[in-house]
Each structure stands twice: as structure tokens, then as C-alpha cells.
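**Student:** Generate coordinates for the sequence data below:
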Amino acid sequence: MKKAACVWQQKGEWLQHVIKGEAGDTLQTLELKAVCWALQTWNKETLNVVSDSLYVVGVVQRIEDALLRQTQNQHLGELFLQLRNVLRQRHHVFCVMHIRSHQCNRGLGEGNARADAAVSGVVHAPPDNKFERARNSHETFHQNARALHRQFQIPLSDAQGIVRACPQCSHHGPGLGLGTNPKGLKALELWQMDVTHVPEFGRLKYVHVTVDTFSKFIWATAQPGEKGLHVERHLSACFAVMGVPVEIKTDNGPAYVGQRIARFTQKWGVKHTTGIPHSPTGQAIVERANRTLKEYLAKQKQTDDTDVVSRLLKVLFTLNYLCLAEGREEPAVVIHHHTVKEGRPQAIPGLYVYYKNMQTGEWQGPSQVLFNGRGYMCVSTKAGSVWVPSRFTHACPPAKIPSNSENNQEDNQDDNDLPGISSDNPEPSEPSQD
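**Tutor:** I've put the predicted structure just below:
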């Protein structure tokens with residue numbers, strides 16, 4: 001139903017009068033009714049009338065001495081006559097003026113805004129379209145399908161369709177994850193660090209990347225070089241964002257093996273280890289993080305002149321807060337801070353394996369599995385956790401899984417005291433009888 005409203009201020013308080021329309025009323029006739037009501041109500045005093053209808057203001061300013069002709073709209077003609085009679089009966093001056101609607105909410109605009117609010121009906125918003133929200137979010141951040149599925153509660157097939165239909169993401173594969181070579185069993189236990197080059201960053205093309213090997217939390221800074229000073233600045237930023245780790249693993253680059261970084265890590269109480277010279281295999285997690293970082297920089301590349309630091313921070317937000325790593329149900333930032341608070345995760349219950357000792361070539365166990373990743377396992381021994389390639393492990397039959405008491409006795413033995421196992425047969429050999 002169409003309505004018109006008059007609002008006025010009396011003793012500092014805003015009052016209003018709503019006029020309901022009838023069949024055949026238009027916005028112009030309703031505005032005329034409102035003006036007629038105001039002129040009749042304040043007939044015995046001066047009056048200022050403010051309207052956002054230029055048509056009504058023009059009619060009021062000209063109708064008093066105008067010659068009215070018969071109109072096809074009978075209702076409109078009756079309103080013209082009523083308005084002219086009201087004006088001729090007035091004994092006090094009045095002023096009518098036009099104001100543009102929706103320009104401001106102060107001064108004269110405040111009253112006009114209140115009148116608009118009085119006649120506006122209840123807006124029924126359309127139902128929340130999660131698919132549209134997911135698509136709009138992907139256009140900005142280009143997160144993966146599993147992240148869209150989790151964040152917007154849409155079917156995984158729909159999320160995969162959004163990613164496939166994206167012109168930027170369709171040129172990039174799903175990636176290989178972030179690797180599963182030996183890593184920490186909780187956040188801040190082991191980091192990997194490397195430097196990758198992004199030529200489009202110009203002077204800041206040396207991007208230093210650090211990844212927590214457990215949570216997959218990534219932090220990167222764009223630096224003008226890759227010397228010890230720049231590594232120190234990068235690590236200081238990582239400590240402020242991620243926390244201080246127990247150990248950092250890098251390659252044998254000149255900046256990493258210098259005295260400056262040695263003093264810096266010693267000052268912070270961080271253990272620094274390096275891998276095999278000129279071999280990236282021990283740095284698989286950070287090497288794949290470099291690739292993922294560059295892929296998202298390409299996906300989120302825009303035509304506007306966004307500075308390189310803002311671009312890099314946007315990618316880091318996407319990777320840490322929105323994307324889900326393979327096999328994870330929470331983003332990296334949640335896993336990182338949760339495990340820092342909760343500590344090292346417990347062993348996987350009921351999962352025991354025999355594993356091959358890479359130094360002696362003998363099969364040992366059964367040992368309980370702490371972590372089971374793609375290509376690697378971490379097993380619990382008396383000497384501590386041991387990372388073993390999955391191809392050098394064999395599942396322990398349920399009948400031979402040790403009980404809790406046997407576990408305690410086994411923990412009191414050295415690994416060398418375990419029953420010998422040949423490399424051809426992972427089953428434990430029977431002890432010899434004297």
C-alpha cells in the first residue's frame with residue numbers, strides 16, 4: 001500500500017503523521033494530500049513546507065492564481081481544487097521549497113530522511129545465497145575448493161565447480177600439498193626456511209619464506225637481498241607472528257651458515273640445522289610452499305597498482321586463514337595456535353608397525369605410530385620419535401600388538417634388545433632356546 005508522511009519537530013521531539021493511499025493514488029497525489037494536510041493543520045500560523053517532490057512544489061507555488069482546467073484524472077482535479085481552497089483560506093504566510101532526497105541526514109535533510117523512513121515498507125531480503133557468497137569470496141582470494149566447502153557450507157562439488165570455472169585458477173593445478181618429509185609433531189617444533197625470487201616485485205624480489213612443518217603456517221617477507229641482515233629481519237618478523245620455534249632447518253646458503261645468523265639463533269635459543277649441500281630434498285615442505293606462494297600471487301594478480309607488500313600479505317591471509325591443507329579440516333592458523341596451547345599430540349591409538357632401522361638395516365618393533373603422512377611415518381621409540389619412509393614399514397598384526405604392560409616393559413629396553421627381524425621377513429623371529 002502506498003503512503004505519504006508528514007514529519008515535524010515540536011519542542012525538540014520529532015512527530016509524524018502517515019496518510020494511507022487509496023485505489024488510484026499515485027506518488028504525486030499522495031504528496032499533494034500530505035501538503036494539503038500540513039497547510040490545514042497549521043492554518044493559523046506561519047509555516048515552512050519542505051518536500052522532495054519537485055512536481056508538488058511547483059504546483060503549490062503556482063496554483064493559487066492559476067486557472068484550473070478539467071483533467072482526465074478526476075481525483076487529481078479534486079486535489080487541485082482542495083489545495084487552492086486551503087491556500088485561499090490562510091491568513092499567515094508560508095514557504096514551500098524543494099530538497100533533493102537521500103543527499104544528507106542533517107539540517108533539512110534530517111526531516112526528509114525521517115519522512116522517507118516513515119513510508120518505507122518492511123524490506124524482505126532474499127534468502128542468503130551461500131553459493132553467490134562463495135563465488136564472490138573466491139573472486140577475491142582464490143582459495144581452494146575444500147576451503148570454500150568449509151567456510152560457506154556448500155557441497156564440495158559446487159565448490160569444485162567454482163574453482164574450475166575461475167579463469168585464474170583453471171590455469172593452475174591442485175598442487176602437491178606441502179610435503180610430508182620429517183617434521184615436527186606440534187607447532188613451533190621445527191621450521192623450514194628458504195628464499196625464492198619473484199622478479200615482478202622489483203627491488204623486493206627476494207621473498208624469504210618460513211613454514212611450520214606441523215601446522216603448515218606460512219610467513220613470508222619481501223626483502224631487498226638475501227644476506228644475513230635480511231634473514232635476521234625475516235626471522236624477527238616470523239617470531240612476532242608465529243612465535244619462537246625449537247629448531248629451524250635451512251639449506252647451506254651463505255647467509256644461513258654465516259656467523260651473524262649463528263649469533264642470532266643462539267641469542268633466541270633456537271637450534272639451527274642445515275641439510276645436504278645443493279640438495280633440496282630435505283627442504284621439500286618449504287620448496288612446495290614457495291611454489292604455492294607463487295601460484296597464489298599469480299591467481300590474485302590484479303590490474304591495479306597494488307604495492308607488493310599488500311599483495312604478499314593478502315596471499316598469506318588466504319593461505320593461513322582460508323585454505324585447507326591436504327588431510328586437514330581446519331586452516332593452518334587454527335591448527336598452529338591450538339597445538340601451541342595443547343602441546344604434542346598423542347600417539348594414534350591401536351596403530352603399531354614394524355620399521356626398518358636405516359642405520360643397521362634391521363627390522364625393529366612393533367612401535368606405536370605418532371604420525372602417518374603421505375610417504376612417511378613417525379614412530380615412537382625409547383630414543384625418541386623416529387621418521388621412517390612408509391615403504392620401510394609394515395603393519396603389525398592385531399594379535400601381536402603389545403598390551404600396555406608389555407609396552408611399559410618394552411620402553412625399558414633398548415632398541416637393540418628387541419627381537420631381531422630379517423629384512424625379508426618383517427615378523428619377529430623366535431628367541432633361541434638354550
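**Student:** can we go C-alpha only for contacts and neighbour counts from here?
**Tutor:** Fine.
**Student:** so where do the strands sit in the chain?
**Tutor:** 3-10, 13-20, 47-51, 94-98, 191-197, 206-212, 218-223, 247-250, 271-274, 352-356, 363-372, 376-381, 384-389, 393-395 (DSSP state E).
**Student:** now the angle between strand 376-381 and the longest one, please.
**Tutor:** With axes from the mean of the first three to the mean of the last three Cα atoms, to 10 degrees as the basis, strand 363-372 and strand 376-381 are set at 120 degrees to each other.
**Student:** Also the fifth one?
**Tutor:** Per the same axes, to 10 degrees, the angle that strand 191-197 makes with strand 376-381 is 160 degrees.
**Student:** any chance of the strands of the chain in JSON lines, with mean pLDDT too?
**Tutor:** Below are the strands of the chain laid out as JSON lines (pLDDT from 0 to 100):
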{"stretch": "strand 3-10", "mean pLDDT": "86"}
{"stretch": "strand 13-20", "mean pLDDT": "87"}
{"stretch": "strand 47-51", "mean pLDDT": "89"}
{"stretch": "strand 94-98", "mean pLDDT": "89"}
{"stretch": "strand 191-197", "mean pLDDT": "94"}
{"stretch": "strand 206-212", "mean pLDDT": "96"}
{"stretch": "strand 218-223", "mean pLDDT": "96"}
{"stretch": "strand 247-250", "mean pLDDT": "94"}
{"stretch": "strand 271-274", "mean pLDDT": "92"}
{"stretch": "strand 352-356", "mean pLDDT": "87"}
{"stretch": "strand 363-372", "mean pLDDT": "83"}
{"stretch": "strand 376-381", "mean pLDDT": "81"}
{"stretch": "strand 384-389", "mean pLDDT": "80"}
{"stretch": "strand 393-395", "mean pLDDT": "85"}
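**Student:** could I get those as CSV with mean neighbour count and distance to Gln72?
**Tutor:** Listed next are those as CSV, based on neighbours: other Cα atoms under 10 Å; distance: least, Cα to Cα, whole Å:
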stretch, mean neighbour count, distance to Gln72
strand 3-10, 18, 23
strand 13-20, 13, 23
strand 47-51, 16, 26
strand 94-98, 15, 27
strand 191-197, 23, 78
strand 206-212, 25, 77
strand 218-223, 24, 74
strand 247-250, 20, 88
strand 271-274, 16, 92
strand 352-356, 24, 94
strand 363-372, 23, 85
strand 376-381, 22, 88
strand 384-389, 16, 92
strand 393-395, 18, 94
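**Student:** how about TSV for these, with distance to Thr140 added?
**Tutor:** Listed next are these as TSV, based on distance: least, Cα to Cα, whole Å:
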stretch	distance to Thr140
strand 3-10	42
strand 13-20	44
strand 47-51	43
strand 94-98	43
strand 191-197	24
strand 206-212	22
strand 218-223	20
strand 247-250	33
strand 271-274	38
strand 352-356	45
strand 363-372	34
strand 376-381	35
strand 384-389	39
strand 393-395	44
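**Student:** who wins for proximity to Arg328 among the ones you listed?
**Tutor:** Among the strands of the chain, the nearest to Arg328 by Cα to Cα is strand 363-372 (12.9 Å).
**Student:** So which elements touch the closest one?
**Tutor:** Here strand 363-372 touches strand 352-356, strand 376-381, going by 3 or more Cα pairs under 8 Å, 6 or more residues apart in numbering; DSSP states H and E.
**Student:** helices or strands up against the longest one?
**Tutor:** When contacts are defined as 3+ Cα pairs under 8 Å, 6+ apart, strand 376-381 packs onto strand 363-372, strand 384-389.
**Student:** and it, which strands flank it?
**Tutor:** strand 363-372 (antiparallel), strand 384-389 (antiparallel) (DSSP bridges).
**Student:** which stretches of this protein have low pLDDT?
**Tutor:** Across the chain, residues meeting the criterion (pLDDT under 70) sit at 1, 102-103, 121-128, 171-182, 278-281, 302-305, 327, 339-348, 374, 404-434.
**Student:** Where do the helices of it begin and end?
**Tutor:** Along the chain, the stretches classed as helices by DSSP state H are 27-41, 54-62, 74-88, 108-119, 130-141, 145-152, 156-165, 228-242, 259-268, 284-299, 308-317, 332-342, 404-411.
**Student:** Can you convert the ones you listed into JSON lines and add a column each for mean neighbour count and distance to Val198?
**Tutor:** Compiled in JSON lines, the helices of the chain are given as follows (neighbours: other Cα under 10 Å; distance: least, Cα to Cα, whole Å):
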{"stretch": "helix 27-41", "mean neighbour count": "19", "distance to Val198": "61"}
{"stretch": "helix 54-62", "mean neighbour count": "15", "distance to Val198": "59"}
{"stretch": "helix 74-88", "mean neighbour count": "15", "distance to Val198": "72"}
{"stretch": "helix 108-119", "mean neighbour count": "18", "distance to Val198": "53"}
{"stretch": "helix 130-141", "mean neighbour count": "16", "distance to Val198": "19"}
{"stretch": "helix 145-152", "mean neighbour count": "21", "distance to Val198": "26"}
{"stretch": "helix 156-165", "mean neighbour count": "17", "distance to Val198": "25"}
{"stretch": "helix 228-242", "mean neighbour count": "17", "distance to Val198": "16"}
{"stretch": "helix 259-268", "mean neighbour count": "14", "distance to Val198": "24"}
{"stretch": "helix 284-299", "mean neighbour count": "21", "distance to Val198": "8"}
{"stretch": "helix 308-317", "mean neighbour count": "17", "distance to Val198": "10"}
{"stretch": "helix 332-342", "mean neighbour count": "17", "distance to Val198": "24"}
{"stretch": "helix 404-411", "mean neighbour count": "12", "distance to Val198": "50"}
